[in-house]
Structures are given as C-alpha cells and as structure tokens.
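Peer 1: I would like to see how this sequence folds:
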Amino acid sequence: MLHLKRSTLFAIAFTGVAASSGCGVTDMVEPPNASSATTQLSTSAFTPSASLLRAGIPDGVYTFRIEPGQGQTLVMGASQLQLPAFAACRLGKSGYGGDFWNKPCESERQPYTITVVSSGSNTDHPRVDFYPELRFNPAKTVTLSMYDQALTRDDAANWVMYYCGRLYCVNESIKDPSLTSYVDLTTSVISRRIKHFSGYMVAE
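Peer 2: Predicted structure coming up:
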C-alpha cells in the first residue's frame, strides 16, 4: 500500500532533509552546456493534472512507503516516478556511485521509506531530490517524468534531465545512451530512465 504526505511547510521540511543528507540547493552549480545532448521527441505516459497546472504547481516534500514486491507509480506534484517491483538494490549493502550503476545487485525485499523534495516547480528549471541515496537493479527500468513549462518545439532537443550531485549537474546520456531524455511537446513533460536516487533537474 502507498502512503503519501506533502508538507505545506516546504522551507522548514526541506531544511531538515538537506541538513540530514549534507546536500541542498546551495550545493548545485549551473549545469554544463547541453550541446552534446541527445534528447528526442516521444510520447510520455504521464500527463500532469490540468487543475494543478492552472492553480500553480506547489513545491513540497513527499514521503512514500515502498513495498518492494509491488510495482508503484509515485506522483510528486507535476512529476512522476514509475518504480517496478523489486527495483531497488539492497539498501546500504549494494555500493553507490558511478562505478556501481550498471552492476547487478540483490534486490531490497523489506519495505522502506523515501522522501522526495520538489523545488522550482513553477520555473524553467524544476528539480526533484530523492532521499536516501540508493541505486536500482540494472535489470529493472525506473522512469522519472517531470513537467517543464518552458519546453517548446523550437528548442526541445536542447532540454535535458540532468543528474545533480552535491556540487555539479551532469548529462548522463553522454556516457550512457540508455539515460537519454525524451520530450513530449503535447504535455510539456520530459522523461528518462534513472539508475539511482539523487537529484534531477530539467535545464537546457
């Protein structure tokens, strides 16, 4: 069963999460130029709520209880995560970092909780940060979709969903084509596969 909570005290909650992880918005620098981006046009399975878009997308903190044996779809405002069953590697026992993203792992089988911090939702550069840090079994495909009000046909190829670490943002598709970003111009949604929980931001 899925449990969701969005805090209206976003600033307070975000401060607490960032302090506990050692990572926050102030750690992020401007992303590198996306001239090497490989973004393509595609149709997204996710369409943000029209009423939400009309009212304005709130930033917030979301908490989810994950049951590993169940495939789950998590919605965070105008973002969505598609999480297949047994997607996460064993927490704290599977290694973490660029050297591990494509290594096989034993799946986590105990329920666990994740926290998602959504920021910049009404800007051209929305961002979501996931806690705790974990990686996914490379045999599973986890997909993150994010709405961006600035997406247009003229420059769609330049928009990328960046992985943002503590000090920088990277276009992971340059080294791993399976992490290519896909833009749906009808819904203004950009989607791609992710192989780990970290921060992700849309930018051109």
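
Peer 1: where's Pro111 relative to Pro68, distance?
Peer 2: Distance, Pro111 to Pro68, using CB to CB, to the nearest Å: 7 Å. Any C-beta I mention is one placed from the backbone N, CA and C, and that applies to glycine too.

Peer 1: ok, those two, which is more surrounded?
Peer 2: Pro68 (16 against 12; other CB atoms under 10 Å).

Peer 1: can you tell me which residues contact that one?
Peer 2: Shown in contact with Pro68 (CB atoms under 8 Å, 6 or more residues apart in numbering): 85-88, 107-112.

Peer 1: Would you mind checking those for buried ones?
Peer 2: Neighbour-count burial (16 or more other CB atoms under 10 Å) is assigned, among the contacts of Pro68, to 86-88, 107-108.

Peer 1: wait, which of the residues you listed is closest to Asp148?
Peer 2: Nearest to Asp148 among those, counting by CB to CB, is Ala87 at 24.7 Å.

Peer 1: any idea how far Leu81 is from the residue nearest to the closest one when sequence neighbours are not counted?
Peer 2: Of all residues not flanking Ala87 in the chain, Lys140 sits nearest, at 4.2 Å (CB to CB, 6 or more residues apart in numbering). Noted for Lys140: a distance of 13 Å to Leu81, by CB to CB.

Peer 1: pLDDT weak spots in this protein?
Peer 2: 1-38, 41, 43, 54-55 (pLDDT under 70).

Peer 1: most distant residue from the middle of it?
Peer 2: What lies farthest from the middle of the chain is Asp154; by CA atoms, centre = their mean that is 24.5 Å.

Peer 1: So it lies in a helix, does it not?
Peer 2: Yes: counting by DSSP: H, G, I helix; E, B strand; the rest coil, Asp154 is found in a helix.

Peer 1: Please look at Thr115 and Val61 and confirm they touch.
Peer 2: Yes: using CB atoms under 8 Å, Thr115 is in contact with Val61, at 6.5 Å.

Peer 1: if we can go back for a sec, any idea which of the contacts of Pro68 is the one closest to Ser42?
Peer 2: Of all the contacts of Pro68, Ser42 sits closest to Ala87, with 21.3 Å by CB to CB.

Peer 1: which residues sit in contact with that closest one?
Peer 2: Contacts of Ala87 by CB under 8 Å, 6+ apart are 68, 107, 136-137, 140, 142.

Peer 1: mind putting the contacts of Pro68 in TSV, secondary structure and distance to Tyr200 included?
Peer 2: Below are the contacts of Pro68 laid out as TSV (DSSP: H, G, I helix; E, B strand; the rest coil; distance: CB to CB, whole Å):
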residue	secondary structure	distance to Tyr200
Ala85	coil	22
Phe86	coil	22
Ala87	coil	16
Ala88	strand	16
Ser107	strand	22
Glu108	coil	21
Arg109	coil	26
Gln110	coil	25
Pro111	coil	24
Tyr112	strand	20
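
Peer 1: now, among the residues you listed, which is nearest to Tyr168?
Peer 2: Ala88 (24.6 Å).

Peer 1: what's the closest one in contact with, if anything?
Peer 2: Residues near Ala88 by CB under 8 Å, 6+ apart: 66, 68, 107-108, 112, 134-137.

Peer 1: Who is the closest residue to Ser79 other than its chain neighbours paired with across the strands?
Peer 2: Nearest non-adjacent residue to Ser79, counting by CB to CB, 6+ apart: Met146, 4.6 Å away. When assigned by DSSP bridges, Met146 has beta-bridge partners Ser79, Ile190.
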